[in-house]
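>>> how would this look folded up:
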Amino acid sequence: MQLKPREKPLFIYDGDCGFCRRWIARWQALTKDQIEYAPYQETAAQFPEIPEEQFQASVKLIDTDGQLFSGAEAIVRTLAHVPEKRWLLRLYKELPAAAPIAEWGYRIIARHRARLSPPRCPTPPETYSVSRWIFLRAMGLIYLIAFASLWVQVEGLLGPHGIAPVHDFLELLRRQMGPERYWLVPTVFWLNAGSLALRLVCAGGVFFSLLLIARIAPAASLIFLWALYLSLSSVAQEFLNFQWDALLLETGLLSIFFALAPSRIVLWLLRWLLFRLIFSSGVVKLASGDPTWANLTALTFHYQTQPLPTWIGWTAHQLPVWFQKFSCGVMFAVELGAPWLILGGRRLRRIGLAAIAALQGLILLTGNYCFFNWLTIALCLLFIEDAAWLRLEEAAPFVSWPRWFQERAAVKKRRWPGWIIPPAAAVIFLVSSFHLFGLLRRDIEWPAAVSGLSNLLAPYRSVNSYGLFAVMTTSRPEIIVEGSRDGITWLPYEFKYKPGELKRKPAFVAPYQPRLDWQLWFAALSRVQDNPWFLSFCVRLLEGSPQVLALLKTNPFPEKPPRYIRAVLYDYRFTDLSGRRATGQWWRREFKGVYCPVLSLRSETP
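Numbering: from 1, shown residues only. So this is what the prediction gives:
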């Protein structure tokens with residue numbers, strides 16, 4: 001609709017809505033005198049072209065050229081008059097699906113704005129004693145899972161007779177680097193990188209996790225846990241290079257400060273971390289240009305092509321395409337909308353947290369992603385204020401644990417240099433913003449000092465960028481490793497969790513992560529030449545390494561290692577309901593070719 005041009009843009013809102021008035025006050029402070037603001041109750045008569053029902057349904061912006069904008073677009077165009085907020089309009093206009101998702105979110109909030117209005121009576125200040133108590137115990141449990149699951153794999157992955165020996169890796173760095181290696185690769189394994197050292201680090205992680213769960217020296221326990229996990233991540237190369245490993249280190253670092261003192265600054269940094277984690281996951285999908293995300297068909301592939309699906313993932317794959325598209329749209333609404341809600345007031349925050357936790361629960365049911373979903377849910381629980389926990393107790397008198405937690409969560413004042421938090425928080429916020437804006441505005445020019453600071457902190461893996469499944473894999477190549485004694489009869493090695501035998505039911509594995517099975521999923525998406533660790537794996541099979549064979553489900557050569565090893569590639573797909581009933585198979589496969597040619601040890605070559 002085209003209206004009469006104006007000297008200044010006019011923003012029209014519902015003057016009877018307390019929620020609207022609160023946000024208008026904030027925007028007025030930002031836009032100053034660049035925008036006129038008026039309630040529709042006072043100005044509707046000036047615009048007979050606009051029915052009153054439209055004023056009641058959404059806010060309006062009348063621009064200087066007379067153009068009329070409504071809803072979310074009116075808001076982002078208003079905020080575009082503030083230089084620091086112009087990226088919102090750019091995101092709205094340029095990112096596919098951003099506009100409809102923003103308008104959908106606006107309509108939901110607009111319909112429920114009466115409930116979101118500030119209460120007439122003053123509200124008590126927000127405290128988080130119960131959530132802090134739960135969160136720190138949850139961190140202990142997640143660290144326990146991480147170290148315990150790695151303990152049973154570490155010798156086969158990183159030991160002297162494993163796939164990627166830490167000792168060999170560090171020796172190579174000693175020859176190629178000077179003293180700077182201690183900063184660039186921070187690890188206790190510079191002292192010793194043998195099997196015993198690997199086991200002791202994992203055992204130490206389990207020990208300090210139990211101390212944290214028992215609330216014994218929580219800050220000291222968190223420091224040791226962060227340092228030990230960093231030591232493993234720095235030398236494990238491909239095997240501890242997943243986003244949840246980085247997320248655990250970043251959350252663990254912030255938890256150290258949070259255990260020392262429940263500062264609101266640290267609480268906001270943890271909220272900022274959750275915001276970046278979820279929002280970035282939505283942005284990278286749209287920014288990648290992947291057509292399956294743009295046309296909302298990505299989930300028609302995801303359940304069967306993800307690294308380790310569950311049997312519920314198989315069931316979800318059978319759902320009709322329209323439902324998969326709808327689910328994809330809901331996912332985008334959560335990943336791009338809910339993070340903004342958690343930055344708002346109590347009611348909006350609870351809606352956002354519930355949406356994020358629900359999405360993580362669905363991911364957890366359909367796929368195995370180690371402790372990632374549990375850690376994200378723990379971050380969500382952290383931002384539920386004490387009043388909400390206590391109301392739960394009032395609603396259900398038999399639930400007495402919130403008050404019990406609150407009594408035991410009383411924070412004792414500690415003598416420690418609290419002045420460290422503000423500068424540390426400033427550095428973390430600056431570098432994390434650098435990573436986030438790298439996703440949103442890749443052409444932005446940051447001062448050299450900021451990028452230099454990011455590079456300086458990078459070896460410590462504790463201020464990271466995130467974004468899962470930026471490009472959807474639409475097929476599932478699967479590597480089948482085979483051995484032979486005569487070069488004629490080939491027998492397959494069966495892995496514990498990755499697809500292989502067609503009748504084996506996709507299992508629930510998480511929060512345990514079989515890191516070899518996971519890494520083979522990535523290897524199948526590229527060439528064998530790009531995965532030198534895979535050749536090392538084949539050599540260990542030819543040698544009959546007990547530590548590596550312990551990572552597998554079956555060893556077809558129990559008496560003597562094979563003379564030859566090869567790897568072939570199959571395309572795996574889920575069966576449908578009729579195929580499952582007829583054959584009992586969860587998978588069907590088609591031979592695609594050779595992944596790795598025949599290998600043999602020199603001493604075994606005829």
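
>>> C-alpha only now, for contacts and for neighbours.
Noted.

>>> How about the secondary structure of Pro499?
With DSSP: H, G, I helix; E, B strand; the rest coil as the basis, the three-state label of Pro499 is coil.

>>> domains in this protein, as residue ranges please.
What the record gives for the chain is the domain set 10-116, 126-262, 271-369+419-470, 477-604, from automatic domain parsing.

>>> Tell me which of those domains lies nearest to Leu3.
Distances from Leu3 to each of those were compared using Cα to Cα; the shortest belongs to domain 10-116, at 4.4 Å.

>>> pLDDT weak spots in this protein?
The model of the chain has pLDDT under 70 over residues 1, 96, 116-125, 391-419, 441-444, 603-606.

>>> tell me the contacts of the spatially most central residue of it?
Within the chain, the residue whose C-alpha comes closest to the C-alpha centroid is Leu277; the distance, by Cα atoms, centre = their mean, is 5.1 Å. Contact partners of Leu277, counting by Cα atoms under 8 Å, 6 or more residues apart in numbering, are 465-467.

>>> Distance of it relative to Val509?
Distance of Leu277 to Val509, given as Cα to Cα, to the nearest Å: 23 Å.

>>> Could you do Ser578 as well?
Plainly put, Ser578 is 26 Å away from Val509 if you go by Cα to Cα.

>>> Neighbour count: those two, which is higher?
When Ser578 and Val509 are compared for neighbours, Val509 comes out ahead with 17 against 9, by other Cα atoms under 10 Å.

>>> Please report how far the closest residue to that one other than its chain neighbours lies from Tyr570.
Of all residues beyond its chain neighbours, the one nearest Val509 is Asn368 (6.0 Å), with distances taken as Cα to Cα, 6 or more residues apart in numbering. Distance of Asn368 to Tyr570, given as Cα to Cα: 22 Å.

>>> who has more neighbours, those two?
Counted by other Cα under 10 Å, Asn368 and Tyr570 do not tie: Asn368 has more neighbours, with 25 against 20.

>>> what's near enough to touch Ala333?
By Cα under 8 Å, 6+ apart, the contact list for Ala333 reads 101, 105.

>>> so which strand or helix has it?
Take DSSP states H and E as the rule and Ala333 turns out to sit in helix 321-341.

>>> Output the helix or strand following that helix as PDB - backbone C-alpha positions only.
Downstream of helix 321-341, the first helix or strand assigned by DSSP H and E is helix 346-366. Output for helix 346-366, consisting of C-alpha atoms alone and laid out as PDB, is shown next (Å, rounded to 0.1, in the frame of the first residue of the first chain):
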ATOM      1  CA  ARG A 346      11.500 -14.500  31.500                       C
ATOM      2  CA  ARG A 347       8.500 -15.700  29.500                       C
ATOM      3  CA  LEU A 348      10.200 -15.300  26.200                       C
ATOM      4  CA  ARG A 349      13.300 -17.000  27.500                       C
ATOM      5  CA  ARG A 350      11.300 -20.000  28.800                       C
ATOM      6  CA  ILE A 351       9.700 -20.400  25.400                       C
ATOM      7  CA  GLY A 352      13.100 -20.300  23.600                       C
ATOM      8  CA  LEU A 353      14.700 -22.700  26.100                       C
ATOM      9  CA  ALA A 354      11.800 -25.200  25.800                       C
ATOM     10  CA  ALA A 355      12.000 -25.100  22.000                       C
ATOM     11  CA  ILE A 356      15.700 -25.700  21.900                       C
ATOM     12  CA  ALA A 357      15.500 -28.500  24.500                       C
ATOM     13  CA  ALA A 358      12.700 -30.100  22.500                       C
ATOM     14  CA  LEU A 359      14.700 -30.000  19.300                       C
ATOM     15  CA  GLN A 360      17.700 -31.500  21.100                       C
ATOM     16  CA  GLY A 361      15.500 -34.300  22.400                       C
ATOM     17  CA  LEU A 362      14.200 -35.100  18.900                       C
ATOM     18  CA  ILE A 363      17.800 -35.200  17.500                       C
ATOM     19  CA  LEU A 364      18.800 -37.400  20.400                       C
ATOM     20  CA  LEU A 365      16.100 -39.900  19.600                       C
ATOM     21  CA  THR A 366      16.900 -40.200  15.900                       C
END
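
>>> Next, the angle from helix 346-366 to helix 321-341.
Relative orientation of helix 346-366 versus helix 321-341 (axes from the mean of the first three to the mean of the last three Cα atoms, to 10 degrees): 140 degrees.

>>> Buried residues of helix 346-366, list them for me.
By neighbour count, and taking 16 or more other Cα atoms under 10 Å as the criterion, the buried residues in helix 346-366 are 346, 348-350, 352-357, 359-360, 363-366.

>>> For the very next helix or strand once past that helix, name the packing helices and strands.
Proceeding N to C from helix 346-366, the next assigned helix or strand is helix 372-382, under DSSP H and E. Contact partners of helix 372-382 among helices and strands, from 3 or more Cα pairs under 8 Å, 6 or more residues apart in numbering; DSSP states H and E: helix 129-151, helix 264-287, helix 346-366.

>>> out of those, nearest to Leu390?
Proximity to Leu390 (Cα to Cα) singles out helix 129-151 among the helices and strands packed on helix 372-382, at 9.2 Å.

>>> neighbours around Glu482, how many?
By the other Cα under 10 Å criterion, the neighbourhood of Glu482 contains 21 residues.

>>> hang on, it packs against Ile565?
Yes - applying Cα atoms under 8 Å as the test, Glu482 and Ile565 come out as touching, 5.8 Å apart.

>>> Give me the contacts around whichever strand or helix holds His435.
Secondary structure here is read from DSSP H and E; on that basis His435 sits in helix 421-440. When contacts are taken as Cα under 8 Å, 6+ apart, the neighbours of helix 421-440 outside the stretch itself are 91, 257, 265-266, 269, 276, 280, 283-284, 287, 444, 446, 450-451, 453-454, 463-465.

>>> Could you check the angle whichever helix or strand comes after that helix makes with helix 421-440?
On the C-terminal side of helix 421-440, the closest following helix or strand by DSSP H and E is helix 448-457. For helix 448-457 and helix 421-440, the angle between their directions (the same axes, to 10 degrees) works out to 100 degrees.

>>> Direction included, what does the helix or strand following helix 448-457 pair against?
Secondary structure here is assigned by DSSP H and E; on that basis, the next helix or strand after helix 448-457 toward the C-terminus is strand 477-484. Neighbouring strands of strand 477-484 in its sheet, by DSSP bridges, are strand 491-492 (antiparallel), strand 564-574 (antiparallel).

>>> Tell me the helix or strand right after the shortest one.
In this case it means strand 491-492. In N-to-C order, the element after strand 491-492 by DSSP H and E is helix 515-524.

>>> Check what contacts that next one and list those residues.
By Cα under 8 Å, 6+ apart, the surrounding residues in contact with helix 515-524 are 157, 238-239, 307-308, 477-479, 495-498, 531, 534, 551, 569.

>>> Of the contacts of Leu277 - the most surrounded one?
If you rank these by neighbour count (other Cα under 10 Å), Ser465 sits at the top with 23 neighbours.

>>> need the contact list for it.
Counting by Cα under 8 Å, 6+ apart, the residues that Ser465 touches are 276-277, 280, 432, 435-436.
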